[in-house]
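In: Have a look; sequence and predicted model below, questions after that.
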There are 2 protein chains.
Amino acid sequence: MSKNSLYQYGTIGSLMAGAMDGTDTINDFLKHGDFGIGTMDGVDGELIILNGQAYKVSASGEVIHLMGAEKLPYGAIAHFHANHTITVSKELGSEAVEKLVLAKMRSKNLFAGVKITGVFKKMHTRAMPKQEPPYIRFSEVDQPNFYAEEIKGTVVGFYSPALFHGTSVAGFHVHFISDDHQFGGHILDYTVKDVKIEIQDYADLIQDFPKEAEFLDSDFDYSNIAEEISISE
Amino acid sequence: MSKNSLYQYGTIGSLMAGAMDGTDTINDFLKHGDFGIGTMDGVDGELIILNGQAYKVSASGEVIHLMGAEKLPYGAIAHFHANHTITVSKELGSEAVEKLVLAKMRSKNLFAGVKITGVFKKMHTRAMPKQEPPYIRFSEVDQPNFYAEEIKGTVVGFYSPALFHGTSVAGFHVHFISDDHQFGGHILDYTVKDVKIEIQDYADLIQDFPKEAEFLDSDFDYSNIAEEISISE
């Protein structure tokens, strides 16, 4: 695989529609990069890959360092390097930060990686509680929210072009992990205080799929998938 | 690239929305496979890649053997080998043939390649006339239709999972070229008579993009793209 590719295992659409069984091991997933996000078997928590290490933020709020044999149903990962860097040394909300990133990245018609490192004035996340089969739809799961202030850590995630809403989440999909590995999750909003923003432009997307019968033989209901993704992510 | 990958250059959605400039050469495109479909610069005609050779069916009906320097805005290509084979020795319409393929291929949640070789009772195609900038939307272009009977040739194309409608055409997207290279185009419908149907299951999709400023800096209107693709393809 090219070092400038984004690799996606599974799709957000299938995950939302119930393909929640973990099928790819963290060890296999890590062959495709050192920087990424996803969720674990049964949508158990929020996955963060940072510097080649895998962490899960559980619905309890606990951050767990994954060992490699754990399985995921969905994730996106890349070999991260920065094509563009921005430093921000004032309070700025997530919407304003996203505008800075959009203005700096090469194209909104390509996938991009976003890594934001430093001190955050506020961080608001959530984490999916593990589901058991038969799975309900992702959009129907209640998720606990977490709040932190004056926290050091890293935002990890990706920008997807609008046309890819369905297989990915159009726009930004980002997770967070604190430097002390005590706080994290799927980001809802934040305020930066003193950070370095790094952006990677991807040349292409490798879209991989589970090969297990349960996925291959499923008859997914995608009739309302775009709206479900917008609501849930 | 894996020999069991489908490679897509550009997307149907961007093509429909006006990304019609040829940007990838046929020679570069052919590095990713020997079997495929697409269109040429300015949506000039219907591209067929068969046994590693590239042919364009023009709106005039003429079939041209491409030399390699010509450029395309959109195409899908793979190294073809059959995972499943079906022989049909009776008259059967394209909808019935598609049902046979759907029943035989491994999963409707994966991409698949479809190659149908032999004698066709009827073949109905169309071909896009070359457009000049500033491009109108693909769905607004009038396209000449072509009809043939008792014709020997090959159907070349791909099945895309429903979730990929937008970047690809959900379901079957197939082109045709006759054995004598005198007839072809984008298939609207057909009746087989005595054919071999070969199907390839792809493990993954490599989604590549143009890297030219005109594509990267475009502000595409995708507001009605799913319907435009359904109407046009």
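Out: Okay, I see it.
In: distance between the helix or strand where A:His173 lies and the chain's centre?
Out: According to DSSP states H and E, A:His173 maps onto strand A:171-178. Here the centre of strand A:171-178 is set off from its chain's centre by 6 Å, with Cα atoms, centre = their mean, to the nearest Å.
In: what's A:Asn51 sitting at in phi/psi?
Out: Dihedral angles of A:Asn51 (phi, psi; degrees, to the nearest 10) stand at phi 50, psi 40.
In: So which elements touch the strand holding A:His173?
Out: Helices and strands touching strand A:171-178, by 3 or more Cβ pairs under 8 Å, 6 or more residues apart in numbering or on different chains; DSSP states H and E, are strand A:35-39, strand A:46-50, strand A:53-57, helix A:94-104, strand A:112-126, strand A:145-160, strand A:184-201. From N, CA and C alone the C-beta is placed, and that goes for glycine too.
In: Tell me the strands beside the longest one, with direction?
Out: Sheet pairing for strand A:184-201, assigned by DSSP bridges, gives strand A:84-88 (antiparallel), strand A:92-93 (antiparallel), strand A:112-126 (antiparallel), strand A:171-178 (antiparallel).
In: Please name whichever of those strands is nearest to A:Lys104.
Out: When those are compared by Cβ to Cβ, strand A:84-88 sits nearest A:Lys104, at 4.7 Å.
In: Just give me the residue right at the centre of chain A.
Out: A:Ile37 (3.5 Å; Cα atoms, centre = their mean).
In: and chain A, which residues reach chain B?
Out: A:11, A:13-14, A:106-107, A:109-110, A:162-164, A:166-167, A:203-209, A:211, A:215-218, A:220, A:222, A:225 (Cβ under 8 Å from any Cβ of the partner chain).
In: If any of the residues you listed are buried, give me the ChimeraX selection for them.
Out: The following ChimeraX line selects those of these that are buried, judged by 16 or more other Cβ atoms under 10 Å in any protein chain shown:
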select /A:11,13,14,106,107,109,110,162,163,164,166,167,204,205,206,207,208,209,215,218,220,222,225
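In: Which of the residues of chain A next to chain B fall in strands?
Out: A:204-208 (DSSP state E).
In: In JSON lines: these, plus pLDDT and distance to B:Gln143.
Out: Shown next, in JSON lines, are these (pLDDT from 0 to 100; distance: Cβ to Cβ, whole Å):
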{"residue": "A:Asp204", "pLDDT": "98", "distance to B:Gln143": "30"}
{"residue": "A:Leu205", "pLDDT": "98", "distance to B:Gln143": "30"}
{"residue": "A:Ile206", "pLDDT": "98", "distance to B:Gln143": "33"}
{"residue": "A:Gln207", "pLDDT": "98", "distance to B:Gln143": "30"}
{"residue": "A:Asp208", "pLDDT": "98", "distance to B:Gln143": "35"}
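In: of these, closest to B:His65?
Out: A:Asp204 (28.7 Å).
In: correct me, but the closest one touches B:Asp208?
Out: Yes - here A:Asp204 reaches B:Asp208: they are 4.4 Å apart, a contact under Cβ atoms under 8 Å.
In: who touches the residue nearest to the centre of chain A in this structure?
Out: The contact partners of A:Ile37, taken as Cβ atoms under 8 Å, 6 or more residues apart in numbering or on different chains, are A:46-49, A:75-76, A:156-158, A:173-175.
In: Next one: it from chain B, what distance?
Out: 19 Å (Cβ to the nearest Cβ, to the nearest Å).
In: and that residue, what are its bridge partners?
Out: In this structure, A:Ile37 bridges to A:Ile48, A:Ala76 when assessed by DSSP bridges.
In: how big is the angle separating the lowest-mean-pLDDT helix or strand in chain A from helix B:225-232?
Out: Ranked by mean pLDDT, DSSP states H and E, the weakest helix or strand in chain A is helix A:225-232, scoring a mean of 91. Helix A:225-232 runs at 170 degrees relative to helix B:225-232, counting by axes from the mean of the first three to the mean of the last three Cα atoms, to 10 degrees.
In: Which elements pack onto helix A:225-232?
Out: Looks like helix A:225-232 contacts helix A:12-16 (3+ Cβ pairs under 8 Å, 6+ apart).
In: gap between the helix it packs on and the chain center?
Out: For helix A:12-16, the distance to the chain centre is 13 Å (Cα atoms, centre = their mean).
In: outside of it, which residues touch it?
Out: Identification of contacts with helix A:12-16 by Cβ under 8 Å, 6+ apart yields A:39, A:43, A:73-74, A:137-139, A:166-169, A:173, A:215, A:218, A:220, A:222, A:225, A:228-229, A:232-233, B:109, B:163.
In: Which one of the contacts of A:Ile37 is nearest to chain B?
Out: Closest approach between those and chain B, by Cβ to the nearest Cβ: A:Ala76, at 12.8 Å.
In: Could you pull up the residues touching the closest one?
Out: Counting by Cβ under 8 Å, 6+ apart, A:Ala76 touches A:6-9, A:36-38, A:158, A:168, A:173.
In: repeat that with 7 Å
Out: Taking Cβ atoms under 7 Å, 6 or more residues apart in numbering or on different chains, we find A:Ala76 in contact with A:6-8, A:36-38, A:158.
In: Tell me who's in contact with the residue nearest to A:Thr11 when sequence neighbours are not counted.
Out: Spatial nearest neighbour of A:Thr11, excluding adjacent residues (Cβ to Cβ, 6 or more residues apart in numbering or on different chains): A:Thr167 at 4.3 Å. Counting by Cβ under 7 Å, 6+ apart, A:Thr167 makes contact with A:11-13, A:207, B:163-164.
In: Report pLDDT for A:Lys3.
Out: pLDDT for A:Lys3: 67.
In: what sits against the closest residue to A:Lys104 other than its chain neighbours?
Out: Nearest residue to A:Lys104, sequence neighbours excluded (Cβ to Cβ, 6+ apart): A:His84, at 4.7 Å. Contact analysis of A:His84 by Cβ under 7 Å, 6+ apart lists A:104-105, A:199.
In: Narrow the residues you listed to just the buried residues.
Out: Listed as buried from the contacts of A:His84 are A:105, A:199; burial here means 16+ other Cβ under 10 Å.
In: just checking, A:Phe120 touches A:Asp194?
Out: No - applying Cβ atoms under 7 Å as the test, A:Phe120 and A:Asp194 come out as separate, 8.9 Å apart.
In: quick one: which of the two has more around it?
Out: Neighbours were counted for A:Phe120 and for A:Asp194 using other Cβ atoms under 10 Å in any protein chain shown; A:Phe120 has more, 27 against 14.
In: Which residues are in contact with that one?
Out: Contacts of A:Phe120 by Cβ under 7 Å, 6+ apart are A:151, A:153, A:190-193.
In: Quickly check these for the two that are furthest apart.
Out: That would be A:Gly153 and A:Thr191, which, of the contacts of A:Phe120, are the farthest apart (Cβ to Cβ) at 13.1 Å.
In: where does chain A have low pLDDT?
Out: Within chain A, the stretches with pLDDT under 70 are A:1-3.
In: residues near the closest residue to A:Thr154 other than its chain neighbours, how many?
Out: Distance criterion Cβ to Cβ, 6+ apart; nearest residue to A:Thr154, sequence neighbours excluded, is A:Thr117 at 5.0 Å. A:Thr117 has 16 neighbours, counted by other Cβ under 10 Å.
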